[in-house]
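J.: Just to be clear, the model below is a prediction. Sequence and coordinates:
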Amino acid sequence: MLVTGLSRRGFFAAGAALAASLVTAGCGVANGNSSDRILEPPRAGADQATTPARLPIATVSPDAVAAKHAGQSPKAWGMDLDGIITGFNATGKQFAVTFDACGGPGNNDIDENLLAFLQAQRIPATLFLNKRWIDANPARAGQLAANPLFEIGNHGTAHCPLSVNGRAAYEIGGTASAQAAVDEVWGNHQRIIALTGHAPRFFRAGTAHYDDVAVSIVRELGETPVGFSVNADFGATASSGQVQSNMMTAESGGISLAHMHRPKSGTGAGMLAALPALAAKGFEFVHLP
């Protein structure tokens, strides 16, 4: 389902800052197959700690998907196309929190205070991990995958905008063909299976940009493309006050986008302020359905 009309105004206003933040995490060649602090798992029995749904390992042929779309010309480009999930049908005042770990030079860190807070407050979240981030933090990624508060989503192999003609977003070049788009999804799809033992349900492209052909490719590979309704941190460039203000625009059935690999950014402090405030307003935090 596609939810429209929700707040994403900050994304475009902060485009230049986002480009500066993400340019070092651009689309490149993946590095092949590939001091951790262990957080205690949440206590059993909490409603929010329900294990997310798991997909079996599919028998999809990535080569067949690439061949089907070879040479196709896209007709649409952006972050809010048909087929991209930007919200969900909520039961009551529900909201889904998601965090990206973009990976690559300067982007392989982790905001442990933020993750410790999510666990202490028993707030479920979808963590979209890039393959380079997983490969740089394999033990920590395994700990996160084992925690039922967190669902691991696919944030691509090399953090590329997902296209079939190389279209760029924020000065990051996109995948240049159907085969390259398949590889961007499938390389990390396989890495997440190795990490978790099951297939990821959700995919978010680097920069959250797709063309319409790439959206079809993601879905045919067995994953659901995810966007956002609230851009919380402008690519981890926002101040804590901006993050808090952006999150307070949340509406029922919405999805927030923020980043977990920049512990010195304003993201963590802003989230630590905003999430309890939203809970006080009656919001329930849930996994993506």
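T.: Right, received. Where do you want to start? Residues are numbered from 1 along each chain as shown.

J.: use CA for all of it now, contacts and neighbours both
T.: OK.

J.: All the strands of the stretch 101-250 of the chain, in order from the start?
T.: Ranges of strands in the stretch 101-250 of the chain, per DSSP state E, counting those that start in this stretch, are 125-129, 150-154, 202-203, 210-211, 224-225, 230-231.

J.: Out of those strands, which gets nearest to Y170?
T.: strand 210-211 (12.9 Å; CA to CA).

J.: what sits up against that closest one?
T.: Contacts with strand 210-211, where a contact means CA atoms under 8 Å, 6 or more residues apart in numbering, come from P74, K75, A76, W77, G78, M79, L81, P161, L162, S163, V164.

J.: and which of these is nearest Q244?
T.: Using CA to CA, M79 is the member of these that sits closest to Q244, with 22.3 Å.

J.: Just the buried residues of stretch 102-117, please?
T.: C102, G103, G104, N107, N108, D109, I110, D111, E112, L114, L115 (16 or more other CA atoms under 10 Å).

J.: start to end distance for stretch 248-255?
T.: 12 Å (CA to CA, to the nearest Å).

J.: swap that for stretch 230-242, please
T.: End residues of stretch 230-242 are separated by 12 Å (CA to CA).

J.: for stretch 163-172, same thing?
T.: 12 Å.

J.: Relative to the whole chain's centre, how far out is that stretch?
T.: Centre-to-centre, stretch 163-172 and its host chain are 18 Å apart (CA atoms, centre = their mean, to the nearest Å).

J.: Over to stretch 223-231?
T.: For stretch 223-231, the distance to the chain centre is 7 Å (CA atoms, centre = their mean).

J.: contacting residues around that stretch?
T.: 4, 6-8, 10-11, 79-80, 83-87, 200-205, 208, 215, 218-219, 246-247, 249-250, 254-258.

J.: related to what we said a few turns ago, looking at the contacts of strand 210-211, state which has the most neighbours.
T.: With neighbours set by other CA atoms under 10 Å, the maximum within the contacts of strand 210-211 is found at L162, which has 39 neighbours.

J.: tell me the contacts of that residue?
T.: G174, T175, A181, E184, A205, G206, H209, Y210, D211, A214.

J.: possible to save those residues as CSV with pLDDT, neighbour count and distance to K131?
T.: Listed next are the contacts of L162 as CSV, based on pLDDT from 0 to 100; neighbours: other CA atoms under 10 Å; distance: CA to CA, whole Å:
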residue, pLDDT, neighbour count, distance to K131
G174, 98, 29, 16
T175, 98, 27, 16
A181, 98, 29, 15
E184, 98, 30, 10
A205, 98, 31, 12
G206, 98, 27, 11
H209, 98, 24, 18
Y210, 98, 34, 18
D211, 98, 24, 21
A214, 98, 27, 19
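
J.: Including distance to T126, could these go into CSV?
T.: Listed next are those as CSV, based on distance: CA to CA, whole Å:
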residue, distance to T126
G174, 24
T175, 24
A181, 22
E184, 19
A205, 14
G206, 16
H209, 18
Y210, 20
D211, 23
A214, 22
